[in-house]
Structures are given as structure tokens and as C-alpha cells.
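Student: curious how this folds, go ahead:
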Amino acid sequence: AAERKFFLSHPSYRHMADRCGTVFLQKQLNQQLTNHIRETLPSLRDKLQRQMLGLEKEVAQYKHFQPNDPSIKTKAMLQMIQHLQQDFERAIEGSGADGVNTMELSGGAKINRLFHERFPYEIVKMEIDEKVLRKEIAFAIRNIHGIRVGLFTPDMAFEAIVKTQIGRLREPSLKCIDLVVQELTNVVRAVTEKMQRYPRLREEAERIITTYIREKEQACKEQVMLLVDFQLAYMNTNHEDFIGFANASSDSQNAENTGKKLGKVTNQVIRKGYMAINNLGITARNKNYWFVLSSESLSWYKDGEEKEKKFMLPLEQLKLRDLESSFMSRGHMFAIYNPEGRNVFKDFKTLDLSCETQDDMDSWKASFLRAGVYPEKQTSEGTVGEGEEEGERRESVDPQLERQVETIRNLVDSYMKIVTTSCKDQVPKIIMFLMVNDAKAFINGELLAALYSTGDTQNMMEESADEALKREEMLRMYHACKEALNIIAEVSNVTLGGGASKMSTPSYGQSNAAPARRPPPPSASPRLPPARPAPGGLPPPLVPSRR
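Tutor: Okay, here's the model as predicted:
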């Protein structure tokens, strides 16, 4: 009242007394606040509705969730095992267009590479040195003849050498099994990651599957050992692909053509991809080039467009060996060189190449095998010294012995091609039948029964603490969004519905009437004289007046 009396009596404010004072300030602030709410409510409502819609699907399973309900635990276990079966099947057999992984190879694809790239490479890598093999053949022939002078080539020497070579197939075969087991274990670990909600169930399922794979691993190794023993038990010299003694002596050049390129009718492209050259100097070190490997040459370009060719390297008489990575290089390295010490590339004795991953390097090595570039023979230090070479030359002066050695060498080469071809075909089949397919059938048919046989299914289905917190947080956020939308609806009705209500002439201390269902806030004293009505019919002032 004093404030109103002051403005009405003061000569400077008398003409604007209706626009001065706390009451007028309240009305102006209320109007600005109402306009701001009208502008921001729609976008805020849309944001909350989108957030609530995104939570509804996940919250639906939690609305009536009882963690200790046995039926819910049983249903959850069945769903988890079913998803595990589907994921394992998809990882091994391959997935369709939907959900295919475009970032890395699946377990089945990696096992396929082991069968067709790594395993053949290991078989070729274990082949014995030519000089050592001829020396063993010569010793075998002489020891079989004994004191007698041999007029004919003894077939027992052929059998002794072949058995030695067949026995060496055990190591790459067992290594292939170990690598497949490792990949299967990685697949099991990956598909059980979705069971993190129940950590004890995940641990138990992973343990049961891994134990079963280990049991099948032992059976698989025994079967592969039997396969090698089958080959050692009987030498089928009547095989249709075996050259026989009659053709071995006349085919003297067969030994020089050991492991020649397959399908060398045309210069067929075998592989393309990026590799780095590490011995071109500091400026060009570790620079990636686009390589094109064919059955006759290795070419590299500036990039994948294959427009600017840097060099073309013929593959004639070249070999391959591994290198250790240095601090100046990156990735996994190997070198291409000429066994006779000739320059391979310009003034370089070797061409040092590197790949970013071990899988890439193994794939390139397998591709070089198809092109006829074989790895360096692994021999122990000091096995062939100068004295031994001189002794070998002195012992090999007998031309008849040389012919017999060459004949046995051709026979061994012909028969070992048959055996290694059979081994490359049979070992992957044994692994697939006894281990991979068996593990898949166990997961689909016996895993659930094995879990129930532990007798502790209720404890296995105990949720992790993180999952319980996640569920509570999600429910809290869902209810908060729902309550916020209800509040926004009420505020929207008040702010936007006030203009439609019938307006009355307000007094200085009385504003327009609020909707009937919402009581007005405290207003100023009713003894004040009337004031000018607010335009647009505003709601009651939200700021209390000062007396």
C-alpha cells in the first residue's frame, strides 16, 4: 500500500503509476517465463518421449521381474543356451548376409585358413635338405648291400627312406590340431561373452565345452597318429600315381623338379595385397606397396590402382626364409633370396618384406608355396661341414651308386607326393569329424543336460552385481522419464490453456483466474487499487508480492 501510495503521489511517477511497482514486475516476469515455457516444452517433451520409447523394450522384461523366481531363472537359462548354440553355429559354419562380421575373420574362416594355408606350408617346411636326403639314400644302399657288390637297386632302401619321411608328417599334423583347438577355444570364449549377466553360468558352460574339446583333441591326435601308422604299415607301390622302378631311372630330372609350380600353363595371378619393403633405405623403409604375386613373377606397384609399376621380380630359383623383426621395422618379416647368392632386386641380395599381422604373413607364405617359392630348409648347425662335403664327394664317385641314388630319390619323391596329398586331405577331415562337428553336436544336444547334471542351476543363475545395478538404474530412469512427461503435461495445460479461459477485470492485487482444477498461488493484498489487466490472460503470478 505504501508503494502504491508513493507512486500515485509522486509528481514524476504519477502518470505511469500503473507500470511501476512490484506487482507490475511480477506480471512482466510471469509473462516472460510463460513464453519461455511455451517455446521449450515441445522439444523437451519430444526428447523425453524418445528416451522413454528407447527404454520401453528393455524395461518390459523388468516390469514384473522377480530375481528369485525359479521359472524366470529356468527360462533365462534356456534362452542363454539357445543363443550360445546359434552363435557357435554361426561362427563355425558362417553367417548369412544379416549380421556378418566385416571387421575380422570368424572362427570357421580362421580354421579354413589353417587347413588350406598353414598346414600345407608346415608340411613343405619340414621337407629335408636335398643333400642330406641323397646322403641318407647312399648310406642306406651301401648298408643293405653290406660286403656284397650290388648289381641292382635295392627296394629296401626306398622303403627305409620313405618310412623316415612319412614319420616326419606327425609333427605338422599335430600342430594343425593344436591350432584348431586354440581357435575353437577362442570361439567358445567369444560366444559366451553374451552370458555376462550370469557369470557363474558363463564360467560353467565355458568349462564344460572346453573340457569336451580337450577330450576330443586327444581322440583326434590318436586318429592322426593312426593315419600315419597306416601309411607306414604298407607301401602301395602299385598306386596309379606312382612312377615305379621302370620309369624312375629314366626320369632323372624329376628330382630337380621337386615341388614345381602347379598349373604353370599361364601366368596366373595368385594373390594381391599390401606389404612393406624393409631394405630400400631409411627414406623408403616400411613404405607399403601393392604386390601382385603370379605363378611366374612378383610385381609391386605404388598403390592398388596398378598403374605405376615399381619392379617385376621373376620367381625362378628363389627361396623364402623368416626374419626377426628389428626396432627399425614393424610387423612380421620374411625374406626372398637366391640360394646361389645372386642379387634378387637391383643390388640387394634379399628382398625383405613385412606384413602387419601374423595371419597376413602366413597367407603370403602359402601363396608363395603355390608359386613355387619354398621355405629355407631347416638344418642343425654343423651337420654339413667342409670335411663332410669332401667326404661325400669322395664317396659318391661311383657312377653306379650315383644312378641308384638318383633312382631311389625319384621313387621317394613320387611316393611322398602321394602320401602328402593324402595327408593334406585326410587330416582336416579327421579334425572336422572328431572335433569340430562333435563339439557342435555336443553344444546343441548335451550342453544343457550337462549343466543340469551339476545340480547347482539355481546358484548358476544368480545375477551379477553389475547386472542388478543396471536393471535398477534402467527402471529408475524409465520412471523418471514417465514422471517428467506427466509434469510437462500439467505445466502445458496451465501455460497453454490459460489464454482460452474467460478473463475478468483484475484489480491491482488480483490477477486473472487460474483454471478451476489448479488453486491460485498467494496474491497481493486485496486492499490495493485496481491495476491494468495483463494482455492475453496470463496465469496467476508465480512471484509473491512484497508487502
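
Student: distance of Arg14 from Glu171?
Tutor: The spacing between Arg14 and Glu171, counted by C-beta to C-beta, to the nearest Å, is 111 Å. All C-beta atoms are positioned from the backbone trio N, CA, C, and that covers glycine.

Student: show me where the chain has its strands.
Tutor: Assignment of strands within the chain using DSSP state E yields the ranges 269-277, 287-294, 297-301, 309-314, 319-323, 332-337, 350-355, 374-375.

Student: okay, now the sheet partners of the last one, with direction.
Tutor: Pointing back at strand 374-375 there. If you go by DSSP bridges, strand 374-375 pairs up with strand 319-323 (parallel).

Student: what's the angle between the strand it pairs with and strand 350-355?
Tutor: Counting by axes from the mean of the first three to the mean of the last three C-alpha atoms, to 10 degrees, strand 319-323 lies at 60 degrees to strand 350-355.

Student: my read is that Glu159 contacts Ala233, right?
Tutor: No: with contact defined as C-beta atoms under 8 Å, Glu159 and Ala233 do not form a contacting pair (11.6 Å).

Student: quick one, which of the two is more surrounded?
Tutor: In this comparison of Glu159 against Ala233, neighbours counted by other C-beta atoms under 10 Å, the higher total goes to Glu159 at 18 against 9.

Student: tell me the confidence at the closest residue to Met16 other than its chain neighbours?
Tutor: Beyond its immediate neighbours in the sequence, the residue positioned closest to Met16 (C-beta to C-beta, 6 or more residues apart in numbering) is Phe7, lying 7.9 Å away. With respect to pLDDT, Phe7 has a value of 83.

Student: tell me how many other residues crowd Phe7.
Tutor: By the measure other C-beta under 10 Å, the count of residues near Phe7 is 17.

Student: for the residue lying closest to Asn338 once chain neighbours are set aside, give me phi and psi.
Tutor: In space, and not counting its chain neighbours, Asn338 is closest to Val344: 5.6 Å by C-beta to C-beta, 6+ apart. Taking degrees, to the nearest 10, you get phi -90, psi -40 for the backbone angles of Val344.

Student: now Val344: how far from Met333?
Tutor: As for Val344, its distance to Met333 is 15 Å (criterion: C-beta to C-beta).

Student: which one of the two has more residues nearby?
Tutor: With neighbours defined as other C-beta under 10 Å, Val344 and Met333 compare such that Met333 has more, 20 against 17.

Student: list the contacts for the more buried one?
Tutor: Asn278, Asp322, Leu323, Glu324, Ser325, Asp352, Leu353, Ser354 (C-beta atoms under 8 Å, 6 or more residues apart in numbering).

Student: show me how to select, in PyMOL, the buried members of these.
Tutor: Those of the contacts of Met333 that count as buried under 16 or more other C-beta atoms under 10 Å are selected in PyMOL with:
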select buried, resi 278+323+352+353+354
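
Student: can you put the contacts of Met333 in JSON lines and add distance to Leu53 and pLDDT?
Tutor: Listed next are these as JSON lines, based on distance: C-beta to C-beta, whole Å; pLDDT from 0 to 100:
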{"residue": "Asn278", "distance to Leu53": "55", "pLDDT": "82"}
{"residue": "Asp322", "distance to Leu53": "57", "pLDDT": "84"}
{"residue": "Leu323", "distance to Leu53": "58", "pLDDT": "82"}
{"residue": "Glu324", "distance to Leu53": "57", "pLDDT": "78"}
{"residue": "Ser325", "distance to Leu53": "52", "pLDDT": "69"}
{"residue": "Asp352", "distance to Leu53": "58", "pLDDT": "87"}
{"residue": "Leu353", "distance to Leu53": "54", "pLDDT": "88"}
{"residue": "Ser354", "distance to Leu53": "51", "pLDDT": "87"}
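
Student: closest to Leu401 among the contacts of Met333?
Tutor: Within the contacts of Met333, distances to Leu401 taken as C-beta to C-beta reach their minimum at Asp322, with 36.2 Å.

Student: grab the nearest non-local neighbour of Leu179.
Tutor: Leu114 (5.1 Å).

Student: same question, Ala17
Tutor: Per C-beta to C-beta, 6+ apart, closest to Ala17 is Phe7, 4.1 Å.

Student: now Gln223
Tutor: Ile430 (5.1 Å).
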